[in-house]
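K.L.:
test case, fold it:
(one chain, ligands or ions: 2)
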Amino acid sequence: MVLVQWRSIFNLRRLYENIRRAINWRIFQAVLTFRTLTYNTHMSQGYLVDCLFEPIFWFVDNFAGCLGKVFVFCVTVLTAAVVAIAYWVGLPYWWERNPYITVFLVIFGNWLLINIIFHYYMGVTTSPGHPPDGAMISEAASICKKCLSPKPPRTHHCSVCDKCVLCMDHHCPWLNNCIGYFNARYFFLYMVYMVTGVSFLIIAGFDLGYQVLWVNDNGGLTQEDDPELIGHPVRMNQSGVLVPVQVIAEYDSENLPRAHNLPAVIITEAQRITAHALKRKAVVFMVIMCLSVFFALGSLTIVHAKNITRGETSIESHLNATLRKTHTNHQFRNPYNFGRQKNWKLFLGLTQGRTFLRHILLPSPHPPTGTGLTWHIANNGIEDWP
Ligand SMILES: [Zn+2]
Ligand SMILES: [Zn+2]
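P.N.:
Ligands and ions are numbered 1, 2, ... in the order given. Predicted coordinates:
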């Protein structure tokens, strides 16, 4: 009996060992099969990150079109709200301070506003330019794998628009449009005028914001929706002394204030704004909007300005950065870099006698020079490039 028991235990151990071995063998086989099927010599960290980001790319490719319309709507509504608050809160404040300066601020602000609206509208509605369908492009540098059509130099395929875009910079959801050859100037000048616009509001509204949010003096004024004044302390003559109102005796039988010789309390517009709940909230909204736009769009403008100075698009700046790293001893040179001044002139379209005063400081629909299909190269020595 004892022997049988010992044997059964022994068998159980062997059974356990066998099962364990069998499971390990199956796991090993499964792992080997998986590794064999998914083996890739190009497997790297970058490839893995690309794979993990694939769902995000898919989302952007499929929904950027719909999101773009929402973004354009948001930009329009927020800009309109900021302008409305500037008039509603800022204008009376400045008018009380100095009517002459106010007139100047209104003219200057509206000049910026016209430029912002014009460049945004043109940026949204102007096509960036696409290679012509079915036409022979002798200068085509390559073939687009997605359109299966010739690709002129500097052209890139946009996966959101599902088209090749001439001199493509990037796809902008805020404009719901690709930024390319024919609308890059509108996009850039929109950013410049927008940053100037919020800087203008920050400077002009700095003291107002300081008075309302920091000093926070409502001049003894009560909220509009407050109940009866009786029983509430009020401040008299800016003395700081709080006097409880017991009886309203300052009115005569005709409900008109009784004449008296007491010095009248001077209430400033900043105090009126502080006391006005909605205007106070509007000031907070302006501070958040202006500062966030200033920092976000300001940094983006600097990045684009650097690219323009170097004669590169955003895509080219990435490509060229890689080329510069790999061509350390050969000294890579961007073929579309004509020097700082000429790069800017070409980008802004300041050729054929166009002037900065008329064509940049005022809204101008002039197209860039050339077709966007063919490109002059900096070192080919042709002098007719404007
Ligand atoms: Zn394409
Ligand atoms: Zn696009």
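K.L.:
what stretches of the stretch 201-350 of the chain score poorly on pLDDT?
P.N.:
Counting by pLDDT under 70, the stretch 201-350 of the chain contains low-confidence ranges at 223-262, 328-330.
K.L.:
OK, now which residue of it is nearest to ligand 2?
P.N.:
Closest residue of the stretch 201-350 of the chain to ligand 2, Cβ to the ion: Ile315 (11.7 Å). For every residue, glycine as well, the C-beta is placed using N, CA and C.
K.L.:
what sits against that residue?
P.N.:
Shown here is Ile315, whose contacts under the criterion Cβ atoms under 8 Å, 6 or more residues apart in numbering are 156, 168-170.
K.L.:
which strand or helix spans it?
P.N.:
helix 314-326 (DSSP states H and E).
K.L.:
output that helix in CSV with nothing but the alpha carbons.
P.N.:
Listed in CSV are the C-alpha atoms of helix 314-326, where the atom choice follows Å, rounded to 0.1, in the frame of the first residue of the first chain:
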residue,chain,number,x,y,z
SER,A,314,9.3,73.2,-44.0
ILE,A,315,9.6,69.7,-45.7
GLU,A,316,13.0,70.8,-47.3
SER,A,317,14.3,72.1,-44.0
HIS,A,318,13.9,68.5,-42.5
LEU,A,319,15.3,66.8,-45.7
ASN,A,320,18.2,69.3,-45.9
ALA,A,321,19.1,68.9,-42.2
THR,A,322,19.5,65.2,-42.9
LEU,A,323,21.6,65.8,-46.0
ARG,A,324,23.8,68.3,-44.1
LYS,A,325,24.5,65.6,-41.5
THR,A,326,25.4,63.0,-44.1
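K.L.:
so how far is that helix off the chain centroid?
P.N.:
Taking Cα atoms, centre = their mean, to the nearest Å, the mean C-alpha location of helix 314-326 is offset from the chain mean by 24 Å.
K.L.:
buried set for the helix or strand that that helix is followed by?
P.N.:
For helix 314-326, the succeeding helix or strand toward the C-terminus, using DSSP H and E, is helix 340-348. Within helix 340-348, the residues that qualify as buried by neighbour count (16 or more other Cβ atoms under 10 Å) are 342-343, 345-348.
K.L.:
what residues does stretch 344-358 touch?
P.N.:
For stretch 344-358, the external contacting residues (Cβ under 8 Å, 6+ apart) are 184-185, 188, 308-309, 311, 338, 359-360, 364, 366-369, 386.
K.L.:
again with stretch 106-114
P.N.:
Outside stretch 106-114, the residues touching it (Cβ under 8 Å, 6+ apart) are 83, 86, 91, 193, 196-197, 200, 204, 363.
K.L.:
out of these, who's near ligand 1?
P.N.:
Subset of the contacts of stretch 106-114 in contact with ligand 1: empty, counting by Cβ under 5 Å from the ion.
K.L.:
filter the residues you listed down to the ones in strands?
P.N.:
The subset of the contacts of stretch 106-114 located in strands under the criterion DSSP state E is empty.
K.L.:
among those, which ones are in helices?
P.N.:
If you go by DSSP state H, the contacts of stretch 106-114 have 83, 91, 193, 196-197, 200, 204 in helices.
K.L.:
any chance of these in CSV with distance to ligand 2 and neighbour count as columns?
P.N.:
As requested, the ones in helices among the contacts of stretch 106-114 are arranged in CSV below (distance: Cβ to the ion, whole Å; neighbours: other Cβ atoms under 10 Å):
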residue, distance to ligand 2, neighbour count
Val83, 29, 18
Leu91, 40, 16
Tyr193, 23, 22
Thr196, 27, 16
Gly197, 26, 24
Phe200, 31, 19
Ala204, 36, 18
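K.L.:
Leu297 is in what secondary structure piece?
P.N.:
When secondary structure is defined using DSSP H and E, the element that contains Leu297 is helix 277-309.
K.L.:
got the angle between that helix and helix 314-326?
P.N.:
Between the direction of helix 277-309 and that of helix 314-326, the angle (axes from the mean of the first three to the mean of the last three Cα atoms, to 10 degrees) works out to 50 degrees.
K.L.:
so how far is helix 277-309 off the chain centroid?
P.N.:
Taking mean C-alpha positions (Cα atoms, centre = their mean), helix 277-309 and its chain are 9 Å apart.
K.L.:
same thing with stretch 55-73?
P.N.:
Remark: stretch 55-73 is offset 15 Å from the chain centroid, using Cα atoms, centre = their mean.
K.L.:
quick one: mean pLDDT over that stretch.
P.N.:
Computed over stretch 55-73, the mean pLDDT rounds to 82.
K.L.:
hmm, it in reach of ligand 2?
P.N.:
No. Applying Cβ under 5 Å from the ion, one finds stretch 55-73 separated from ligand 2 by no less than 7.9 Å.
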